[in-house]
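In: Have a look; sequence and predicted model below, questions after that.
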Amino acid sequence: MKLCALHGWRDRLAGNLLALNELLKALIVSGSLGALVGLERQWDEQARDPEARVPAGARTFCLIALLGTLCAHFSQDLHPLTFAAGLLALSAWMGAYIFSMQDDKPGAGLTTAASAAMVYLVGGLVYSKEWKISVMITVMVLILLAGKSAIHGFSRKFTKDDVRMALQFLAVSGVILPLVPDQAFGPYDAFNPRSVWLMVVIVSGLGFAGYVAVRALGQSLGIMLTGLAGGLASSTATTLSMSRLSRDEPHLAQDCALAIVLACTVMLWRINFLILIISPPLAIDLIPDMAAMSLPGLAYAAWHFFRPHQQSANSGAYRNPLSLKVAMQFAAIYAIVVFVVKAANVHFGQAGILVASFLSGLTDLDAIALSLSNLFITGGVSIPFAGACIVLAAVANSFTKLALACGLGDRQLRSRVALLLGSTILIGLGLFLLRILTGSSLSE
């Protein structure tokens, strides 16, 4: 009997020691993470004013993290509301501190208070053995705190219109898209409202991302950034603006030609990225074609930037490419292209799709590429034939850019763009014919 009691006492002691060891480990980890955040807060305050009194530094944040871990422990062993009560008490304390500072510095301490709450919650996560999440959250908090100047400078670069456009994109993607019905109807079952609106979200989102990159990075990268961003946002708009600029400022013709060629080259990969989202096998099949059609633009870019005594133009001013009007216009174009492609497939077979691809590519490459991607998914066309149609549409689109540049640009720009885009068109036609002759026949 005594031996059983001795064994029971020994097991309880071992269990208590194990629990104590786990608690000590959690306290060490949470205290260390809290101290890291506190060091950043302390450094930030002292960097702004070396003589300033730091209200919450490494010690304070270490204690807050330890408090979170202990409250999580007591919440498990004593009362389930202990952790919530600790967070409420911390919030009241930080609220009183912020209120006391409002007369001297309105709004001061809000970031520190939010950081303190996060550190408290991290302490609870550490006690729950969520080590990876705890470290990830702490690193994210440190990045946000240390990036204060960069974030403030980033936000100052945007206008009220930019914010309004961003909210419109959130509405387009997060509010309207879930409400749009996912059902095909109409002639040839060509109209699927959700499919149409999803394409609007993808295209407008990609264009908006390119615009944000320009505003965030600035225009110090010059004409290269202009071409790259133009390819993401609108290669047609880039061609128009650079052609007109070359006529007004002939000494910038070489740089303007580079912007146009880069925009048209980036446009090819942007289209392939859109296809990748919808149909990865088709996008992978198109990689060699896109790479070959990109060669003239990449070669000219390399020559331009590595030649001696190069000059660089100032990058053009870009307007935000996202608006509900543009989104609705693209939705209408996309729906019409889908209808034309399906009708051509029904009445004229794949020869009709080829004609529709070329005609659509003259004005808009996104719509026909996405339409063919969806048609491949539904089994309407094979990968080789869909790839041939997209290459043909890219050729037609490059021809449109070439016509715009030759019609609106300076003589020097015309000669360079004609050579480069002409080469792209010839390469594309060769690839198209190769696909047709080597198995991408209309009978497939």
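Out: Ah, there it is.
In: Low-confidence ranges, the stretch 1-150 of the chain, go.
Out: Within the stretch 1-150 of the chain, the ranges that satisfy pLDDT under 70 run 1-20, 44-56, 101-109, 148-150.
In: quick one: the helices in it?
Out: Taking DSSP state H, counting those that start in this stretch as the criterion, the stretch 1-150 of the chain contains helices spanning 2-48, 58-77, 82-101, 110-127, 131-146, 148-156.
In: Which of those helices sits closest to T239?
Out: Each of the helices of the stretch 1-150 of the chain was scored for nearness to T239 using Cβ to Cβ, and the closest is helix 148-156 (29.1 Å). C-beta here means a position set from N, CA and C on the backbone, and glycine is covered the same way.
In: Following element in sequence after the closest one, please.
Out: Heading C-terminal from helix 148-156, the first helix or strand you meet, by DSSP states H and E, is helix 160-170.
In: packing partners for that next one?
Out: helix 193-217 (3 or more Cβ pairs under 8 Å, 6 or more residues apart in numbering; DSSP states H and E).
In: Report the spatially nearest residue to I377, omitting neighbours in sequence.
Out: Nearest residue to I377, sequence neighbours excluded (Cβ to Cβ, 6 or more residues apart in numbering): S279, at 5.7 Å.
In: List the residues that contact that neighbour.
Out: Shown in contact with S279 (Cβ atoms under 8 Å, 6 or more residues apart in numbering): S373, N374, F376, I377.
In: Could you identify the buried members of these?
Out: S373, N374, F376 (16 or more other Cβ atoms under 10 Å).
In: G422 against A403, yeah?
Out: No: the criterion here is Cβ atoms under 8 Å, and G422 misses it with A403 at 11.4 Å.
In: which residues are common contacts for the two?
Out: By Cβ under 8 Å, 6+ apart, no residue touches both G422 and A403.
In: picking up where we left off before, just the ones in helices from the contacts of S279, please.
Out: Judged by DSSP state H, helices contain the following of those: S373, N374, F376, I377.
In: Next, format these as CSV and append distance to M118.
Out: Below are the ones in helices among the contacts of S279 laid out as CSV (distance: Cβ to Cβ, whole Å):
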residue, distance to M118
S373, 42
N374, 43
F376, 47
I377, 43
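In: so which of those comes closest to S75?
Out: Checking the ones in helices among the contacts of S279 one by one against S75 (Cβ to Cβ), the nearest turns out to be I377, at 50.5 Å.
In: Which pLDDT value belongs to that closest one?
Out: If you check I377, the pLDDT there is 82.
In: G428 too?
Out: 90.
In: element containing the residue lying closest to it once chain neighbours are set aside, please.
Out: By the measure of Cβ to Cβ, 6+ apart, the closest residue to G428 outside its immediate chain neighbours is V395, 3.9 Å from it. Taking DSSP H and E as the criterion, V395 maps to helix 383-408.
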